[in-house]
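A.B. asks: Okay, structure incoming, though there's no sequence with it:
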């Protein structure tokens, strides 16, 4: 009885690393990277806009940064709409 | 970064380079009557980025036109030598106007490419909304 309990605790100890979260292999990491990239693009756009307003920086940089931001926001909004739509579709499923 | 945003940055670099070119053209025209002024020329070069797919353009170092300066005869001019001649500038207004027009056309072409990349990405997103 004692031996079996010991074995159980040992095997639990051995299997514990397998259940640890692995940040590299997590399914959400790609999404997290995309979100970080999105935030980075937004920040760049805001910084360029602020510089153009205050210090009169290169207007081409402003236009470029705002177009990149527009691209990123449009992509994010479209993907979000699609995800929300899919979620609502699941909720409407008769159970 | 997607191809669209790469296209946007390449177009933006083209816009910036053409604006730089126009700046040097206007410097040349403004100094067309300056004695001893040599015409400035802009050289374009591709940026050697780490990623070979990103071929943005930039203006290189400004070069001066080394052609001979025309001799202007004006004995009353303070810069004229004992023979009554002084060095004029080697700016040719016709060449400068043509260069400015070319810069404008290239600028418009880059603007069109910028707009096109935006429209294409919007079209792609429109596909997802259906």
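C.D. replies: Perfect, I can see it now. What you see is a predicted model, and the numbers here were worked out from it, not measured in a lab. Residues are numbered from 1 along each chain as shown, chains lettered A, B, ... in the order given.
A.B. asks: Please count neighbours and contacts with C-alpha atoms only from this point.
C.D. replies: Will do.
A.B. asks: From residue B:128, how far off is the residue most central in space within chain A?
C.D. replies: By Cα atoms, centre = their mean, chain A has its centre lying nearest to residue A:32, at 2.2 Å. Taken as Cα to Cα, to the nearest Å, the spacing of residue A:32 relative to residue B:128 amounts to 21 Å.
A.B. asks: same check, this time on residue A:31
C.D. replies: 18 Å.
A.B. asks: and the residue nearest to the centre of chain A, that one's in a helix?
C.D. replies: Yes. The assignment for residue A:32 is a helix, going by DSSP: H, G, I helix; E, B strand; the rest coil.
A.B. asks: which residues touch it?
C.D. replies: For residue A:32, the set of contacting residues under the criterion of Cα atoms under 8 Å, 6 or more residues apart in numbering or on different chains is empty.
A.B. asks: Need phi/psi at residue B:40.
C.D. replies: Note on residue B:40: backbone dihedrals following degrees, to the nearest 10 are phi -90, psi 140.
A.B. asks: My read is that it contacts residue B:22, right?
C.D. replies: No. Taking contact to mean Cα atoms under 8 Å, the distance of 11.1 Å between residue B:40 and residue B:22 leaves them out of contact.
A.B. asks: so which helix or strand takes in the spatially most central residue of chain B?
C.D. replies: Against the mean C-alpha coordinate of chain B, by Cα atoms, centre = their mean, the closest residue is residue B:21 at 1.6 Å. Using DSSP states H and E, the secondary-structure element containing residue B:21 is helix B:3-30.
A.B. asks: Looking at residue B:40 and residue B:22, which is more packed in?
C.D. replies: Summary of the neighbour comparison: residue B:40 and residue B:22, criterion other Cα atoms under 10 Å in any protein chain shown, with residue B:22 having more neighbours (21 against 18).
A.B. asks: show me the contacts for that one.
C.D. replies: Applying Cα under 8 Å, 6+ apart, we find residue B:22 in contact with B:100, B:103, B:104.
A.B. asks: so where does the first one fall, helix or strand?
C.D. replies: This points to residue B:100. In this structure, residue B:100 sits in helix B:93-129 according to DSSP H and E.
A.B. asks: Might you calculate how far that helix sits from the centre of the chain?
C.D. replies: 16 Å (Cα atoms, centre = their mean, to the nearest Å).
A.B. asks: list the buried ones in that helix?
C.D. replies: Across helix B:93-129, burial judged by 16 or more other Cα atoms under 10 Å in any protein chain shown covers B:96, B:100, B:103-104, B:106-107, B:110-111, B:113-114, B:117-118, B:121, B:125.
A.B. asks: likewise stretch B:11-22?
C.D. replies: Neighbour-count burial for stretch B:11-22, with 16+ other Cα under 10 Å as criterion, is recorded at B:11, B:12, B:13, B:14, B:15, B:16, B:17, B:18, B:19, B:21, B:22.
A.B. asks: What is the nearest of the buried residues of helix B:93-129 to residue A:10?
C.D. replies: Distance ranking of the buried residues of helix B:93-129 against residue A:10, using Cα to Cα, places residue B:125 first at 53.2 Å.
A.B. asks: Residue B:111 versus that closest one, what's the distance?
C.D. replies: When Cα to Cα is the yardstick, residue B:125 and residue B:111 sit 21 Å from each other.
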